[in-house]
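Asks: Take this sequence and fold it.
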Amino acid sequence: MNLFPNRHAGKSRPYSRHETEIFDRAKASSAHALIASFPGYAVTPLHALRDLASELGLGSIQIKDESGSFGLGSFKALGGAYAVFLLVQKAVSAAMQRQAGVEDMKSAAWHEVAAGITVVCATDGNHGRSVAAGAAAAGCRCVIFLHRHVSPVREQAIRDQGADIVHVDGNYDDAVAEADRTSARMGWHVVSDTSYEGYVRVPSDIMHGYAVMMEEIYAQTGAPAPDAARQPFTHVFLQAGVGGMAAAVAASLWQALGEARPTIVVVEPEAADCLYQSARAGLPAPASGDIDSTAMAMLACGEPSILAWELLKTVGDFFMTIPDAPAIEAMRRLALRKDGPPIVCGESGAAGLAGLLAACANTGARLTLGLGPDSRVLVFGTEGATDPGRYRELTGLDPAQLLV
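Replies: Numbers count the residues shown, from 1 in each chain. Here you go, the predicted structure:
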């Protein structure tokens with residue numbers, strides 16, 4: 001485990017106009033209202049891990065469980081499908097010369113416009129599944145670019161949504177580049193959760209979709225409270241790939257709470273540590289290792305999202321890297337908990353909790369982070385067992401039996 005205190009972080013600095021242009025909680029509230037109108041929407045649960053908190057000597061641990069989000073198995077349902085809807089909605093509104101809404105999705109006018117649109121993305125699995133599901137609902141074509149390490153089970157889940165598949169002989173970043181090149185040539189629309197030079201609007205939309213998790217948490221906990229002493233959380237551990245989800249959650253807390261916001265800890269695999277390396281360098285930097293060597297496949301990203309970094313470079317108080325072992329331990333602890341029903345969480349989805357476990361096991365890290373009996377920690381279970389075979393291989397447990 002490595003822990004880096006971000007020297008550029010500062011809770012005294014207010015949320016600025018620059019940050020608001022990237023992420024605005026008002027837009028997240030609008031995204032929440034729209035997403036809540038989609039068929040199949042349900043608020044995801046916030047579970048208290050009482051036994052684990054007691055064991056670790058903490059005041060409380062709560063986990064936001066996104067494994068059931070829209071039946072797609074991960075929080076990505078809040079981002080990719082939402083961005084696809086906005087893209088098609090804009091085109092349909094222009095054709096209809098009025099603002100189209102969810103109620104128009106069954107109309108002939110909507111389907112005539114949508115049929116001429118193709119959306120694409122690269123994925124490790126979850127984001128592509130969400131984009132494909134959004135395209136199926138919106139009536140447009142979808143093409144997903146998969147790198148060579150995406151499992152057959154996750155590929156089939158994307159195919160089941162009606163998407164066409166393009167295989168790329170490389171890693172995730174190679175697939176991103178190929179999706180961008182092909183889309184430019186074919187006139188397709190990239191719906192990527194990572195931003196890069198010249199491509200920021202859609203990733204910003206996706207981040208606002210991800211922040212629906214925080215809008216739900218505010219309602220579930222009564223936050224934000226008017227003073228720091230009454231905030232439900234003192235620490236938030238956020239797993240990160242390119243950083244979009246971590247940035248959305250952290251920015252929401254920053255904008256809502258200012259100086260009263262919790263301590264933000266960004267957690268990555270040791271090899272896929274692009275945000276950790278960026279924090280050390282003070283500017284966007286690539287990962288230091290072989291990103292495909294980690295078991296946390298959904299976090300195997302070599303380059304940070306530019307938009308995410310613009311927020312995390314200030315709001316990320318600490319950047320942490322962990323080996324695979326704590327993630328697998330976190331999966332098992334969630335599955336075998338005694339203080340509530342089993343929580344089935346995939347290897348990437350458990351990384352935030354894994355970071356907390358690793359920190360609590362390290363005296364220096366525990367002291368540096370200020371973790372103790374008054375700590376109230378929030379973590380996110382961002383995916384379920386999206387590859388059941390892989391889940392069984394890592395934990396020795398059958399996810400289907402756990403959920404009976």
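Asks: contacts and neighbour counts: CA atoms only from here.
Replies: Noted.
Asks: neighbours of residue 59, just the number please.
Replies: For residue 59, the number of neighbouring residues by other CA atoms under 10 Å comes to 17.
Asks: which stretches of this protein aren't confidently modelled?
Replies: Counting by pLDDT under 70, the chain shows low-confidence ranges at 225-230.
Asks: List the buried residues in stretch 97-113.
Replies: 100, 105, 110-111, 113 (16 or more other CA atoms under 10 Å).
Asks: which ones are touching the residue nearest the centre of the chain?
Replies: Closest to where the C-alpha atoms of the chain average out (CA atoms, centre = their mean) is residue 245, at 3.6 Å. Counting by CA atoms under 8 Å, 6 or more residues apart in numbering, residue 245 touches 207, 210-211.
Asks: Can you classify the closest residue to residue 25 other than its chain neighbours as helix, strand or coil?
Replies: In space, and not counting its chain neighbours, residue 25 is closest to residue 252: 5.9 Å by CA to CA, 6 or more residues apart in numbering. Judged by DSSP: H, G, I helix; E, B strand; the rest coil, the three-state class of residue 252 is helix.
Asks: Count the neighbours of residue 252 for me.
Replies: By other CA under 10 Å, the residues close to residue 252 number 23.
Asks: list the contacts for it?
Replies: If you count contacts by CA under 8 Å, 6+ apart, then residue 252 has 23-25, 211, 214 around it.
Asks: ok, now residue 314?
Replies: 8-10.
Asks: Report whether it is found in a helix, as I expect.
Replies: Yes: counting by three-state DSSP, residue 314 falls inside a helix.
Asks: what helix or strand does the residue nearest to the centre of the chain sit in?
Replies: Assigned by DSSP states H and E, residue 245 belongs to helix 244-257.
Asks: Can you name the next helix or strand after that helix?
Replies: Past helix 244-257, the next helix or strand by DSSP H and E is strand 263-269.
Asks: what helices or strands is the helix or strand that that following strand is followed by leaning on?
Replies: Sequence-wise, the next helix or strand downstream of strand 263-269 (DSSP H and E) is helix 274-281. In terms of contacts (3 or more CA pairs under 8 Å, 6 or more residues apart in numbering; DSSP states H and E), helix 274-281 is packed against strand 2-5, strand 318-322.
Asks: quick one, strands of the stretch 151-300 of the chain?
Replies: 164-168, 189-190, 235-239, 263-269 (DSSP state E, counting those that start in this stretch).
Asks: For the closest residue to residue 168 other than its chain neighbours, give me the backbone phi and psi.
Replies: Once flanking residues are discounted, residue 168 sits nearest to residue 147: 4.8 Å by CA to CA, 6+ apart. Phi and psi for residue 147, reported as degrees, to the nearest 10, are phi -80, psi 170.
Asks: ok, back up a step: I'd like the buried residues of stretch 97-113 laid out as TSV, including distance to residue 87.
Replies: Formatted as TSV, these follow (distance: CA to CA, whole Å):
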residue	distance to residue 87
100	11
105	13
110	12
111	13
113	11
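Asks: and which of those residues is nearest residue 401?
Replies: Among the buried residues of stretch 97-113, residue 105 lies closest to residue 401 (CA to CA), at 37.6 Å.
Asks: Report the contact partners of that closest one.
Replies: With CA under 8 Å, 6+ apart, residue 105 has these contacts: 111, 138.
Asks: where do the helices sit along the stretch 251-400 of the chain?
Replies: 274-281, 306-315, 324-335, 351-360, 363-369, 388-395, 399-402 (DSSP state H, counting those that start in this stretch).
Asks: if you compare those, which one is most tucked away?
Replies: helix 351-360 (a mean of 26; mean count of other CA atoms under 10 Å).
Asks: quick one: that one to helix 324-335, angle?
Replies: 110 degrees (axes from the mean of the first three to the mean of the last three CA atoms, to 10 degrees).
Asks: Counting by contacts, list what helix 351-360 packs against.
Replies: For helix 351-360, the packing partners by 3+ CA pairs under 8 Å, 6+ apart are strand 235-239, strand 263-269, strand 318-322, helix 324-335, helix 363-369, strand 376-381.
Asks: Could I get the CA-only coordinates of that helix as CSV?
Replies: Taking C-alpha atoms only, helix 351-360 is exported to CSV below (Å, rounded to 0.1, in the frame of the first residue of the first chain):
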residue,chain,number,x,y,z
ALA,A,351,-11.7,-1.2,-4.0
GLY,A,352,-12.8,1.7,-1.8
LEU,A,353,-13.5,-0.5,1.1
ALA,A,354,-10.2,-2.3,0.4
GLY,A,355,-8.4,1.0,0.8
LEU,A,356,-10.0,1.5,4.1
LEU,A,357,-9.0,-2.0,5.3
ALA,A,358,-5.4,-1.4,4.1
ALA,A,359,-5.3,1.9,5.9
CYS,A,360,-6.6,0.6,9.1
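Asks: Outside of that helix itself, which residues are in contact with it?
Replies: With CA under 8 Å, 6+ apart, helix 351-360 has contacts from 1, 56, 237-239, 266-268, 296, 320-322, 326-330, 365-366, 371, 379-381.
Asks: sorry, back to before: can you tell me which of the helices and strands packed on helix 274-281 is packed in deepest?
Replies: When these are compared using mean count of other CA under 10 Å, strand 318-322 is most buried, at a mean of 25.
Asks: That one packs against which elements?
Replies: In terms of contacts (3+ CA pairs under 8 Å, 6+ apart), strand 318-322 is packed against strand 2-5, strand 263-269, helix 274-281, helix 351-360.
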